[in-house]
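In: this one's sequence-less:
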Ligand SMILES: [Zn+2]
Ligand SMILES: [Zn+2]
């Protein structure tokens, strides 16, 4: 669970109706929405919400470290509320479904020192690509 709303309440985040809707849209498991998808879902719940508010709120949640930006596919940046548990992504190349996954080996420590070229490596992103069960069945 991401428990995004609980975390934001816990840190005293200013919760207006519009900001709450953005957080609600992002709350849950395996959520990886583009900014436009967040806007569409937020508008469905609160028609008067403005695009600027949605985008500003997304930027603020990222700055707070409560939402992370992921770029698993080339289409658009996605917003992921699973910000506190390191994870990688499983991506369906056909329909774009994304799942949070937890490899048995840490991809960061899997890179040997002689392959780091003196870099201080801070993070690693791994995307496993393939077909989800539905797409595999339909192919
Ligand atoms: Zn699929
Ligand atoms: Zn994720």
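Out: Yep, that arrived. Remember, predicted model here, so these are calculated numbers, not experimental data. Ligands and ions are numbered 1, 2, ... in the order given.

In: The longest helix belonging to the chain packs against which elements?
Out: Counting by DSSP state H, the longest helix found in the chain is helix 51-63. Applying 3 or more C-beta pairs under 8 Å, 6 or more residues apart in numbering; DSSP states H and E, we find helix 51-63 packed against helix 17-26, helix 35-45, strand 78-80. Where you see a C-beta, it was placed from the backbone N, CA and C, and this is true even at glycine.

In: which stretch among these comes nearest ligand 1?
Out: The closest of the helices and strands packed on helix 51-63 to ligand 1 is strand 78-80. By C-beta to the ion, the value is 15.8 Å.

In: Parallel or antiparallel, list what pairs with that closest one.
Out: The pairing partners recorded for strand 78-80 under DSSP bridges are strand 33-34 (antiparallel), strand 68-70 (antiparallel).

In: what's the following helix or strand after it?
Out: Downstream of strand 78-80, the next assigned helix or strand under DSSP states H and E is strand 88-92.

In: and that following strand, which strands flank it?
Out: strand 98-101 (antiparallel), strand 127-130 (parallel).

In: contact partners of that strand?
Out: Outside strand 88-92, the residues that touch it by C-beta atoms under 8 Å, 6 or more residues apart in numbering are 32, 70, 72-73, 97-103, 107, 125-132, 135.

In: Put the buried members of those into a ChimeraX selection.
Out: Buried members of the contacts of strand 88-92, defined by 16 or more other C-beta atoms under 10 Å, are picked up in ChimeraX with:
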select :32,70,72,73,97,98,100,132
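
In: residues contacting residue 25?
Out: Per C-beta under 8 Å, 6+ apart, neighbours of residue 25: 33, 38, 41, 42, 45.

In: Fine by me, we can end here.
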